[in-house]
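A.B. asks: coords please:
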Amino acid sequence: VDVRTPAEFRGGHIPGATNIDFIADSFASELAKLDRSKTYVVHCGAGGRSTQSLAVFSRLGFKNVIHLDGGLNGWIAAGQPVDK
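C.D. replies: Numbers count the residues shown, from 1 in each chain. Okay, the predicted model is just below:
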């Protein structure tokens, strides 16, 4: 789950990522539509917003959430693929 803005997401994202904007008023309601029994990797650009989002995941009852330390910037620095 990529918690950056839609504009940031359009600029490049991890293949297969779902964009749910953390700063949007609808963040929690959109997140609540996901299957809480699945495992999710959450990230933003560098880790700030995604770290903050972990509390919302927890409050909504998600049990298997992995935080991508370093965010998309770290992903790119590690030479991983990005879709545009």
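
A.B. asks: Touching stretch 59-67 from outside, list them.
C.D. replies: Contact with stretch 59-67 is made by 28, 31-32, 34, 36-43, 47, 50-51, 54, 57-58, as judged by CB atoms under 8 Å, 6 or more residues apart in numbering. C-beta coordinates here come from the backbone N, C-alpha and C atoms, glycine included.

A.B. asks: For it, what is the distance to the chain centroid?
C.D. replies: In terms of CA atoms, centre = their mean, to the nearest Å, the centre of stretch 59-67 is set 12 Å apart from its chain centre.

A.B. asks: In it, which residues are buried?
C.D. replies: Buried residues in stretch 59-67, counted by 16 or more other CB atoms under 10 Å: 62, 65, 67.

A.B. asks: any idea of the pLDDT on residue 46?
C.D. replies: Note for residue 46: predicted pLDDT of 97.

A.B. asks: Isn't it up against residue 73?
C.D. replies: Yes: counting by CB atoms under 8 Å, residue 73 is a contact partner of residue 46 at 5.2 Å.

A.B. asks: Okay, helices next: where are they in the chain?
C.D. replies: Applying DSSP state H to the chain gives helices spanning 6-10, 27-31, 48-59, 71-77.

A.B. asks: Rounded mean pLDDT for the last one, please.
C.D. replies: Think helix 71-77. Helix 71-77 shows a mean pLDDT of 97.

A.B. asks: Identify each buried residue in it, please.
C.D. replies: 71-72, 75.
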